[in-house]
Structure formats: structure tokens, C-alpha cells
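Peer 1: Here is my input, please return the structure:
(one chain, ligands or ions: 1)
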Amino acid sequence: MTDFNPDDVHLSSGHFIDGQFVSASGQAMGIKRPSDGQHYAEIHEADARTVDDAVTVAEARRISSGWSGCSPRERGAALSRWADLIEKDSEYLAQLEAVGSTRPVTDARNIEVPFTAAALRFYAECADKYSGDVFPTQHSSLGMLVPEPYGVIGAITPWNFPLSMASWKCGPALAAGNAVVLKPSELTPFSTARLAELAVQAGIPSGVLNVIQGSGKVTGNALVTHPLVRKVSFTGSTATGAAIMSQAALHGTKPVTLELGGKSPQLVFDDAGDADEIAERLFLGFTVNAGQACVSGTRLIIQKGIAERVTEKLIARCQKPVPGMTWHASTRYCPLIDARQGEKVATIIAQSVAQGARVLVGGKRYDNTKEGWFWQPTLLENVGPDNVALHEEIFGPVLTIQTFTDEEEALALAQHAVFGLCAGVHTVNMPRAMRLMRALDSGTVWVNRYRRTWDFIIPTGGFQGSGFGKDLGRQAFEACQRYKSVLIDF
Ligand code: NDP
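Peer 2: Below you'll find the predicted structure:
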């Protein structure tokens, strides 16, 4: 696999509405490449009128095309064809993803694109596998629970994994017979628009999936508050999730699925195993996508007997990454999304140090990376209970280190006042792992691993300020349907 030239990648401009790209007259917004900070494209923001066009078309087409009413098997077949086309278009999609987001092209080719296609295939399978219920009523009547689509689902995705996030939102919503209007982050608009174009080529009726471009404040807000949008599915920060939830409450009392931020602990016990292997697992857990992942394992809580050995190995591992442009096939270590994110990471580290934290390695930007914001993997120790780095979602490659003596202390350190997205438990003592699995306030607990698999049947989602509802799994499919109770007297 080879490098590509970012200037050669064709970008389709405009919003994808009713099966075609349409231009908009809204405010122009410049888009920059994370790798070198170069301005490479412009989008025009969808204002309330354009959002209304997209939502109105979605509502009309889901009915007139038969999408909501057809056999679920037909919907599944269309989603499968969509997945096939995504695989055929792999190179172009990978380049679109790599030019504008933080995903290195080799990861985009080997992970993002096949993962996106596989997630859609999973929901193609769901379409005719899960249904409602029949209840044990008296013999002269029949009680049923009948699932039906909501109508139009408004989806809002972040910039960290644009393709995967789009598949997590569109797969279950479309399989369940809804139409979708999706707003990707204004920072990463293009790969998602291409997905929608491929959906139409695969036979998903025009207008059933529309992609609108623009900022959260204008376009996102118009989508959430539109009266024909019956449900909202959002992934992003906890603050924005809360704002969306209140808007959804005020404008139609519509349900929301919120996949929000995290500050996930990694509990490592003395018996966790080989120190090299543990260090590698921890390293990947907080540096994948340069730490810009909601599930990043950013708080290491480690038992005193193994702490020094693992920390030494982590320090050495943190010095190895070589930052590179996302369009180079050799790149493994990627940039932060933009200067705003870089400044956020820098500010929190400075505050943490002012509060007494010690930087063991990293703590700054790589100095040979021009306009791109490449941040060195950073270890912070001596973080007191009030230290900002323990509380804030940094969304950069920053790991705090705390030590503990026993399980009780480990659990107390692990619980977070706000977040409850994910936790890692590393020990061969299974009763202990199971006790912690029960006790941790986390939507996901990984034991002796710290990363997702391609088992799409396992849902993902947070507790507390990390949101509610699930992406992936049967649960996400079921959450894209409403259930009608029916009682028939014979
Ligand atoms: P946001 O949560 O603000 O943005 C995520 C998505 O929501 C984007 O598409 C954004 O649009 C949209 N949005 C923003 N405001 C609104 C609104 N009022 N109504 C509807 N949609 C809205 O994240 P940011 O990009 O601003 O990043 C800030 C911080 O959020 C990061 O530092 C990180 O800590 C966290 N984050 C967490 C993510 C996660 O997966 N948990 C993902 C991304 C960020 P647009 O950006 O186009 O304006």
C-alpha cells in the first residue's frame, strides 16, 4: 500500500439531499487538514431552511419509496449491497477519511473502511431477526407489542472516527425502517457524504439518507429541533449532549441516544502478567487516535508491587512513536484534530503541573511537525485527588498514574464523579475481576484487554455523564424502533 497526494483527492461539495449533492448559500466555513493545518476545502453551512428541506424529503421518501413499509429482508439486502459498495470503494473512502481526519491512511484502509462495512452488514442481518412480542393474555384475546420505525432520525457525529460513527448511527436506524438526516462534524465532512452517495447506488431510495453540512450551533440545532425529527442520536462531548437533550425535550419531547465523554480507569493488579505486554496494552489504550477516542483509558491505577516496572516500560514505549502525515502509508502516530484541541491539551497539562503533577515523559507538542498538532504521549504522576487531569476529558494522549495497595482503594480511585464510560481490569484473579466488574460504574468493562473487537453484537454506551442508550448491538437496533401495544378481543 502506498502514500497518496492529499491535493489529488476529489471532494464533493454541498449537502447530499434526495440522492444528489445540492449547493447551499449558507455561511462558508474553511476546512483544514489536521496533519499540516492547511486549508483544503470549504463547506457552506446548512441553515434552518436547508435542514428543513432535508428532513421534509426524508419523511416523504421513507413513505413514498416504501422503505418504512417494505419487508425488513429487503432493507437488509440493500444494506448488504451498501456494505459491498463501501468495500469496492475502499481506497477512495480511505483517502477521504485520511485527508481530513486524524486517521492514518493505513488504518483507514485496514480498519475504518472494513469496520464500517462490517457494522452495516451486522445491521442488515438484524433487520429481519428481531421483532416485537406476544403476551400471555386470556384465550379470548391477544396482546402484542408491535415495533415500528420512528420516522426521521436526526444523527450527529463527531470528528474522531467519521466513517465508523456514521455506520453506527445509520446501520440500526435504516435497518429498522427509518429515514436518517445526518450531520457530521464540520471538521470532517467529506467521507460521510460519500457514504450517503454509495447508499443510493446500493438501492437505498433517494432521500432516505441525507447528509447536511454545517456547525453544531446552526445546522445541528436546526436538526435537533425540527418537528419531523422524532429521535436524535448523538456522539460527542458531555456538554453538547446535555444541550441537545434539553433542546430535544423542549421541541417534541423526543428520545435521545447519547454517547458522550469518558475518563476511563485502567486497574492493574500485581498479578496482571508480563510487564511488557501490560505496558503495550496500556499504551495503546490511551494513544489510539492520539487519545481522541471516547473510550480512551486515560487513568492508570496500578498496584504498588508492579507499578515501577510497568511505568519504566511505559516511559520507554512513549518515546517510540514517530508522528507522520495521515496520507503516508507508514504513519502510525496521528495528529490532534486542530489547534483548538491542541491548545486544550496543552492548557490542561499546564494546569495539572501547576497543581503538583510531574511529567514523566512527553508533556509537549512534537517540535518538528509544522502546523499540524502532534502531541507527545504524556505520563503524569503525582496527581492529587483534585488534579484537573484526573477529572477533565483531555482527548489527547495523556495518562495519569496513581498507585494503590488493595482492591478497595483501587475501586475508590476508579470511580469518577461525572463519567462512567469504560474501565479496564487487568488481573488473573477472576473472582476479583468479577467483583470489580459488578462494582464499577461503567457502561463497559474490559477484563485483561483494552480495546473493541469486531463483535458488533456487543453494545457500547456510558453511565452517568457518559450518556445513555447504546450504540451497536441488538440494543441500538431496538432503540431505533418504537413499540405499539395492541390488544385484540376475538
Ligand atoms: P462536540 O460534542 O461539541 O461536537 C460533536 C458534534 O456535535 C459535532 O458534529 C458538532 O458540530 C455537534 N454539535 C455541537 N454543538 C451542537 C449543538 N448545540 N446542537 C447540535 N449539535 C451540536 O465536540 P467538539 O468537537 O467541540 O470537541 C470538544 C470536546 O468534546 C473534545 O475535546 C472532547 O473532549 C469531546 N469529544 C468527545 C467525543 C466522544 O466521542 N466522546 C467526540 C468528540 C469530542 P460541529 O463540531 O460541526 O460544530
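Peer 1: Show the pLDDT at residue 305.
Peer 2: As predicted, residue 305 sits at a pLDDT of 98.
Peer 1: tell me the SS of it?
Peer 2: For residue 305, the assignment made with DSSP: H, G, I helix; E, B strand; the rest coil gives helix.
Peer 1: Next up, the contacts around it.
Peer 2: Residues counted as contacts of residue 305 (C-beta atoms under 8 Å, 6 or more residues apart in numbering) are residue 270. C-beta: built from backbone N, CA, C; applies to glycine.
Peer 1: again, 10 Å this time
Peer 2: Contacts here follow C-beta atoms under 10 Å, 6 or more residues apart in numbering; on that basis residue 305 touches 269-271, 403, 405.
Peer 1: Which single one of the residues you listed is nearest to residue 481?
Peer 2: Distances from residue 481 to those, taken as C-beta to C-beta, are shortest for residue 269 (42.0 Å).
Peer 1: Can you tell me the closest non-neighbouring residue to that closest one?
Peer 2: Leaving aside its sequence neighbours, residue 269 sits nearest to residue 427 (C-beta to C-beta, 6 or more residues apart in numbering; 3.9 Å).
Peer 1: Settle this for me: residue 33 is touching residue 100, isn't it.
Peer 2: Yes - assessed by C-beta atoms under 10 Å, residue 33 is found in contact with residue 100 at 6.5 Å.
Peer 1: of these two, who's got more company?
Peer 2: residue 100 (28 against 22; other C-beta atoms under 10 Å).
Peer 1: does the nearest residue to residue 100 once chain neighbours are set aside count as helix, strand or coil?
Peer 2: Leaving aside its sequence neighbours, residue 100 sits nearest to residue 188 (C-beta to C-beta, 6+ apart; 5.2 Å). Three-state call for residue 188 (three-state DSSP): coil.
Peer 1: The one 3 residues further on too?
Peer 2: Put simply, residue 191 is helix when judged by three-state DSSP.
Peer 1: repeat for residue 348
Peer 2: helix.
Peer 1: Let me know the pLDDT of it.
Peer 2: Residue 348 is assigned a pLDDT of 98 by the prediction.
Peer 1: so how many other residues sit close to it?
Peer 2: Under the neighbour criterion other C-beta under 10 Å, residue 348 is assigned a count of 21.
Peer 1: which residues sit in contact with residue 271?
Peer 2: Applying C-beta under 10 Å, 6+ apart, the residues contacting residue 271 are 303, 305-306, 426-429, 432.
Peer 1: whoops, residue 65 was the one
Peer 2: Neighbouring residues of residue 65 by C-beta under 10 Å, 6+ apart: 179, 204-208.
Peer 1: What of residue 238?
Peer 2: Neighbouring residues of residue 238 by C-beta under 10 Å, 6+ apart: 258, 260-262, 294, 393, 418-419, 421, 462, 464-467.
Peer 1: Which residues of the stretch 51-200 of the chain lie near the ligand?
Peer 2: Residues of the stretch 51-200 of the chain found near the ligand (C-beta under 6 Å from any ligand atom) are 156-160, 183, 185-186.
Peer 1: Mind doing that once more with 8 Å?
Peer 2: 156-160, 165, 183-187 (C-beta under 8 Å from any ligand atom).
Peer 1: Among those, which lie within strands?
Peer 2: Those of these mapping onto strands are 156, 183, per DSSP state E.
Peer 1: picking that back up, which one of the contacts of residue 271 has the most neighbours?
Peer 2: Within the contacts of residue 271, neighbour counts (other C-beta under 10 Å) peak at residue 426, which reaches 25 neighbours.
Peer 1: Excluding chain neighbours, what is closest to it?
Peer 2: Residue nearest to residue 426 in three dimensions, not counting chain neighbours: residue 272, with 4.0 Å by C-beta to C-beta, 6+ apart.
Peer 1: Quick check: pLDDT value at that neighbour.
Peer 2: 98.
Peer 1: Over to residue 391?
Peer 2: pLDDT, residue 391: 97.
Peer 1: One more: residue 17?
Peer 2: So, for residue 17, pLDDT stands at 98.
Peer 1: before we move on, what about residue 26?
Peer 2: So residue 26 comes in at 86 (pLDDT).
Peer 1: since we're on the closest residue to it other than its chain neighbours, how many residues are nearby?
Peer 2: Nearest-residue entry for residue 26: residue 45, 3.7 Å, with adjacent residues in sequence omitted and distances by C-beta to C-beta, 6+ apart. With neighbours defined by other C-beta under 10 Å, the count for residue 45 comes to 22.
Peer 1: From residue 183, how far off is residue 45?
Peer 2: Distance from residue 45 to residue 183, counting by C-beta to C-beta, to the nearest Å: 10 Å.
Peer 1: so who does the residue most central in space within the chain touch?
Peer 2: Centroid-nearest residue in the chain, with C-alpha atoms, centre = their mean: residue 165, separated by 4.9 Å. Contacts for residue 165 (C-beta under 10 Å, 6+ apart) come out as 116, 119, 155-159, 182, 184-185, 188, 192, 235-236, 259, 471.
Peer 1: Could you do residue 149 as well?
Peer 2: Here residue 149 is in contact with 62, 67-69, 173-179, 230-231, 480-482 (criterion: C-beta under 10 Å, 6+ apart).
Peer 1: Let me see the contact set for the nearest residue to it once chain neighbours are set aside.
Peer 2: Closest residue to residue 149 apart from its sequence neighbours, by C-beta to C-beta, 6+ apart: residue 177 at 3.7 Å. With contacts defined as C-beta under 10 Å, 6+ apart, the neighbours of residue 177 are 62, 66-70, 72, 75, 127, 147-151, 208, 480-481.
Peer 1: Got a PyMOL select line for the buried ones in these?
Peer 2: In PyMOL syntax, the buried subset of the contacts of residue 177 is picked out as below (16 or more other C-beta atoms under 10 Å):
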select buried, resi 62+67+68+72+75+127+147+149+150+151+208+480+481
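Peer 1: Just to be sure, which of the contacts of residue 177 are found in helices?
Peer 2: 62, 72, 75 (DSSP state H).
Peer 1: Just give me the closest of the residues you listed to residue 323.
Peer 2: residue 75 (42.8 Å).
Peer 1: Surely that closest one and residue 125 touch.
Peer 2: No - using C-beta under 10 Å, residue 75 makes no contact with residue 125, being 11.2 Å away.
Peer 1: what about the strands in the stretch 1-150 of the chain?
Peer 2: 15-17, 20-22, 28-32, 39-44, 133-135, 141-149 (DSSP state E, counting those that start in this stretch).
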